[in-house]
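1. what follows is a predicted protein model with its sequence.
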Amino acid sequence: MEALLIVDLQYDFLPGGRLAVPGGDEVIEEINRRQHDFPLVCATQDWHPPGHISFVSSHPGAELFSTISHRGGEQTLWPEHCVAGSRGAQLTEALDSVAIEAIFRKGMDLDIDSYSAFFDNGHRKDTGLSAYLHGRGVDHLVVCGLAADYCVYYTLLDALNEGFNVSVIEEAVRAIDEESWLALRNQLVLRGMRVL
Ligand code: VGL
Ligand code: ZN
């Protein structure tokens, strides 16, 4: 069975938001149209506590969009975004949410970021998404949303590693950096991802 996963269609990633993805609003209608073709639709929300490790404001003197090493990995420093309970963290009202059965939140631990919908960036904590999808009989996961080169990419990568057949809807994703998305997309295609 197929499922559609809608990644992070939140105000902060849309034009006017704190971490706006260029053209992010252009995917909404496409997703609204397509989601009714799927027997199961679920979504994610980036959902950070105030003072989150990924916020540049949590690292006095550090530069926006710079990278620091953290817990043996790299952490990009973002503007404050998707603070739990804030308007910026809400799914956009323009998204038709009637068919969304479950919403998985990520990035809730103060000390570790989480781009993927499946695991945090240290692969320590499981969001439960994989078990949920397997429990629903899903073997093919189709992904759309924002941002293509961060949360969508890591979600696609983990979905492949979790053994799902994986597709991305090209017209229903937008990247922070389009060129880097194209390179990442090609790597995923070599791993067996399909581009719809
Ligand atoms: C995202 C950067 C920081 C995303 C989330 O949803 O792609 N990007 N947090
Ligand atoms: Zn985030």
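-> Yep, that arrived. Residues are numbered from 1 along each chain as shown. Ligands and ions are numbered 1, 2, ... in the order given.

2. max-length strand in the protein?
-> Longest strand in the chain, counting residues (DSSP state E): strand 165-174.

3. show me what that strand is packed up against.
-> Secondary-structure packing of strand 165-174 (3 or more Cβ pairs under 8 Å, 6 or more residues apart in numbering; DSSP states H and E): helix 28-34, strand 140-146, helix 153-161, helix 178-190, strand 194-195. C-beta: built from backbone N, CA, C; applies to glycine.

4. mind listing what's buried along stretch 23-39?
-> 24, 25, 27, 28, 31, 32, 34, 35, 38 (16 or more other Cβ atoms under 10 Å).

5. how about these in CSV, adding distance to ligand 2 and pLDDT?
-> Below are these laid out as CSV (distance: Cβ to the ion, whole Å; pLDDT from 0 to 100):
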residue, distance to ligand 2, pLDDT
24, 14, 98
25, 19, 98
27, 18, 98
28, 20, 98
31, 20, 98
32, 24, 98
34, 25, 96
35, 23, 96
38, 26, 98
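
6. wait, which of those residues is closest to residue 55?
-> Nearest to residue 55 among these is residue 24, at 19.8 Å by Cβ to Cβ.

7. quick one, phi psi at the closest one?
-> Dihedral angles phi and psi of residue 24 (degrees, to the nearest 10) take the values phi -60, psi -30.

8. for this protein, which residue gets nearest to ligand 2?
-> residue 46 (4.2 Å; Cβ to the ion).

9. residue contacts, the closest residue to that residue other than its chain neighbours?
-> Closest residue in space to residue 46, ignoring its immediate chain neighbours: residue 82 at 4.0 Å, by Cβ to Cβ, 6 or more residues apart in numbering. Shown in contact with residue 82 (Cβ atoms under 8 Å, 6 or more residues apart in numbering): 8, 10, 12-13, 18-19, 45-48, 88-89, 107.

10. what's the pLDDT at residue 82?
-> Looking at residue 82, its pLDDT is 98.

11. so where's the chain uncertain?
-> Counting by pLDDT under 70, the chain contains no low-confidence residues.

12. what's the local residue count around residue 172?
-> By other Cβ atoms under 10 Å, 28 other residues sit near residue 172.

13. likewise residue 154?
-> 19.

14. name the residues of this protein found near ligand 1, please.
-> Listed as neighbours of ligand 1 in the chain under the rule Cβ under 6 Å from any ligand atom: 8, 13, 46, 54, 78, 115, 146, 147, 150, 151.
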